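Trainee: what would the 3D arrangement of this be:
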Amino acid sequence: MTVRIAKPAQILREELARPSTKRAGLLPQLRFAGNASTTIFALPQGQAPYAVFVAGALVREGAADDYTVTFDGFIYRVVFAVAPGSGDDVTIWPVEA
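Mentor: Alright, predicted model coming up:
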C-alpha cells in the first residue's frame, strides 16, 4: 500500500514582504541607507539580527562572506566587509535578543 501526501508549495516572498510582528518572533524591520562608506550598523538594545538584505538581496553572514555580527554585551552591530553602495537600501530583520 502506497500513501502519498501532497502539500502545495509555499511562496514566502509575499509573507516576508508584509510588515508583520507576529511572524516567528520577528520585530519590525530596520531600514538604513547605504552611503558607500559606513560599514557598521547598530541595532536597538535588545534586538539581534535575524536576516540582512542589501538592495533587496539576502546577504551571507560570516568572516569570509558579506558581514559579521558583533555584540558588546548591550548592542548588536552588523559589520559589513564592504560598505553598501550609495543609495542601497540596507534592511535588517531583528529578533528579540
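
Trainee: helices of this structure, start to end?
Mentor: 13-17 (DSSP state H).

Trainee: list the buried residues for stretch 78-90?
Mentor: Residues 78, 80, 83, 84, 88, 90 are the ones in stretch 78-90 that count as buried (16 or more other Cβ atoms under 10 Å). All C-beta spots, glycine's among them, are computed from the backbone N, C-alpha and C.

Trainee: what do you get for stretch 31-50?
Mentor: Of all the residues in stretch 31-50, those buried under the rule 16+ other Cβ under 10 Å are 32, 34, 41, 43, 47, 48, 49.

Trainee: now render the residues you listed as TSV, adding distance to residue 1.
Mentor: Shown next, in TSV, are the buried residues of stretch 31-50 (distance: Cβ to Cβ, whole Å):
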residue	distance to residue 1
32	56
34	58
41	56
43	53
47	51
48	48
49	48
